[in-house]
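Peer 1: Prediction below, plus the sequence it came from.
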Amino acid sequence: MHKESIFLIGPMGAGKSTVGRALAERLQYDFVDSDHEIEARTGATIPMIFDIEGEAGFRDREEAVIDELTLRPQIVLATGGGAVEREINRKHLRTRGFVVYLKSPVESLIQRTKHDRNRPLLQHGNAEEVLRNLMVKREPWYLEMADLVIETQQVPVHRVVKTIVDQLLEEQII
């Protein structure tokens, strides 16, 4: 199957949006961040959606956006860290494009997210504990879905992009 679109998965703070923008520019693809798309469509921030609709309401919106965006050709899509929690999202991502898991140790994720107030799951309780628990729950899905796994800790963005492009060329996807 010829896979044209690239889907970035991984935990919050792993660099999906940063790498996604650079990769899209390199490939001359469109870049979309699913969380930003949800905010643009609703006119509300992710934390506000969580406050009003709860996590389930947010996940419903996320599911609809991922279904639509994964149908677009030649797109680099940065997903939210929890997008993999729903089987339908995992199916759409796995079957409609090339999935890259951006992997980073929890210690690095804590440093990258500690001042970010736009991450509702980290706003209550111990952020480190929350991140560790999320990784225990989600990492098996990230690994199961990934066509390519890349460690992003202390790796410059251009190196991550080069690794992805090299793999896409090797597999004759681009």
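Peer 2: Cool, got the structure. In this text the structure is predicted, and so the values were computed from the model without any measurement.
Peer 1: Please make it C-alpha for all contacts and neighbour counts, starting now.
Peer 2: Will do.
Peer 1: chain center to stretch 128-143, what's the gap?
Peer 2: Relative to its chain's centre, stretch 128-143 lies at 14 Å (Cα atoms, centre = their mean, to the nearest Å).
Peer 1: Would you mind listing the buried residues in it?
Peer 2: Neighbour counts over stretch 128-143 (16 or more other Cα atoms under 10 Å) mark E128, L131, R132, L134, M135, R138, E139, W141, Y142, L143 as buried.
Peer 1: other SSEs contacting the least confident helix or strand in the chain by mean pLDDT?
Peer 2: When the helices and strands of the chain are scored by mean pLDDT, DSSP states H and E, helix 106-113 comes last with a mean of 79. Counting contacts by 3 or more Cα pairs under 8 Å, 6 or more residues apart in numbering; DSSP states H and E, helix 106-113 packs against helix 127-145.
Peer 1: quick one on the thing from earlier: of the buried residues of stretch 128-143, closest to V32?
Peer 2: Using Cα to Cα, Y142 is the member of the buried residues of stretch 128-143 that lies nearest V32, at 19.3 Å.
Peer 1: circling back to that earlier point, could you check the angle the least confident helix or strand of the chain makes with helix 127-145?
Peer 2: Orientation check (axes from the mean of the first three to the mean of the last three Cα atoms, to 10 degrees): helix 106-113 against helix 127-145 gives 110 degrees.
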